[in-house]
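>>> Give the three-dimensional model of this entry:
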Amino acid sequence: MNDIQTYPIFPLNVFAFPGEEFGLHIFEERYKHLVNDVMESHQMFGIPYVLNGETQDRGCLLRIEEVKNRKSNGEMDIVVKVVELVNFLTRSSSPSKLYMEGNVELLHFKNTKPGPRLLLLFHRFMLMREEGEEPQPIVDENIFELAARLKIPANQKFSFIDEQLPGHFERNLINFLTLQIQIESMTQEMGSRFVLN
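Numbers count the residues shown, from 1 in each chain. This next block holds a predicted model:
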């Protein structure tokens, strides 16, 4: 059974996988309050993904790793790390807070290991992309560590996540890598033909 907990939420057009880190510039008053409350309580916050202006029910749960460049007006830059993918069951305003909170269902599949076919395609693609250099090993043998190294755009990442996790996620990554390898092969072949002519 999945856990359901309440977290502050910050809807954004950002979707990332567990283990990924990224920076956010915090300037709106409500999100300055959110970040300060989260840091004071040592808790996490959720980002429901905003796709084409619509807030989705799926997103990620984050932990603040670092606060940088805090200004006198409260603006700041923060570095966050995705802890888990989640479903947002409810979103509501609180009369005592400027930001929204939501009931969040943790999906609990961040420790899924990639299968042998996916690992093989990943290795082949990374060799092509790095022009023959051996790729860095996947430290935790985690499917999300592998996915994060592919630098997939947020909207495409979001489309990889459906109700049939983690099986469909691996299939979607295999399809993505198969297509990328074909494109990279054709690009390299066209490049060598152009050089020869």
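
>>> what are the ranges of the strands in this structure?
4-9, 21-26, 45-51, 54-68, 76-93, 100-106 (DSSP state E).

>>> Return the most buried member of the ones you listed.
Neighbour counts (mean count of other C-beta atoms under 10 Å) averaged over each of those peak at strand 45-51, with a mean of 21. C-beta here means a position set from N, CA and C on the backbone, and glycine is covered the same way.

>>> what packs against it?
In terms of contacts (3 or more C-beta pairs under 8 Å, 6 or more residues apart in numbering; DSSP states H and E), strand 45-51 is packed against strand 4-9, strand 54-68, strand 76-93, strand 100-106, helix 154-160.

>>> Tell me which of the ones you listed lies nearest to Leu127.
Leu127 lies closest to helix 154-160 among the helices and strands packed on strand 45-51, at 22.0 Å (C-beta to C-beta).

>>> List of residues touching the closest one?
Contacting residues not belonging to helix 154-160 are listed as 13-17, 49, 51, 56, 58, 147, 152, 168-169, 172-173, 176 [C-beta atoms under 8 Å, 6 or more residues apart in numbering].

>>> Let me know the average pLDDT across the helix ranked longest in the chain.
Ranked by number of residues, the top helix in the chain under DSSP state H is helix 167-196. Averaging pLDDT along helix 167-196 gives 82.

>>> May I see the buried residues of it?
169-170, 172-174, 176-177, 180-181 (16 or more other C-beta atoms under 10 Å).

>>> which helices and strands sit right next to the helix or strand bottoming out on mean pLDDT in the chain?
One helix or strand of the chain scores below all others by mean pLDDT, DSSP states H and E: helix 167-196, with a mean of 82. Here helix 167-196 touches helix 116-129, helix 143-148, helix 154-160, going by 3+ C-beta pairs under 8 Å, 6+ apart.

>>> closest to Thr187 out of those?
Among those, helix 116-129 sits nearest to Thr187 (C-beta to C-beta), with 9.3 Å.

>>> Run the angle between the closest one and helix 167-196 for me.
Calculated by axes from the mean of the first three to the mean of the last three C-alpha atoms, to 10 degrees, helix 116-129 forms an angle of 30 degrees with helix 167-196.

>>> Kindly format the C-alpha coordinates of helix 116-129 as PDB.
Output in PDB follows, covering the C-alpha atoms of helix 116-129 (Å, rounded to 0.1, in the frame of the first residue of the first chain):
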ATOM      1  CA  PRO A 116      19.900  -6.200 -19.300                       C
ATOM      2  CA  ARG A 117      18.500  -5.000 -22.700                       C
ATOM      3  CA  LEU A 118      18.100  -1.500 -21.400                       C
ATOM      4  CA  LEU A 119      21.700  -1.500 -20.000                       C
ATOM      5  CA  LEU A 120      23.000  -2.700 -23.300                       C
ATOM      6  CA  LEU A 121      21.200   0.000 -25.300                       C
ATOM      7  CA  PHE A 122      22.200   2.600 -22.800                       C
ATOM      8  CA  HIS A 123      25.900   1.600 -23.100                       C
ATOM      9  CA  ARG A 124      25.700   1.600 -26.900                       C
ATOM     10  CA  PHE A 125      24.000   5.000 -27.000                       C
ATOM     11  CA  MET A 126      26.500   6.600 -24.500                       C
ATOM     12  CA  LEU A 127      29.400   5.200 -26.500                       C
ATOM     13  CA  MET A 128      28.000   6.900 -29.700                       C
ATOM     14  CA  ARG A 129      27.300  10.100 -27.900                       C
END
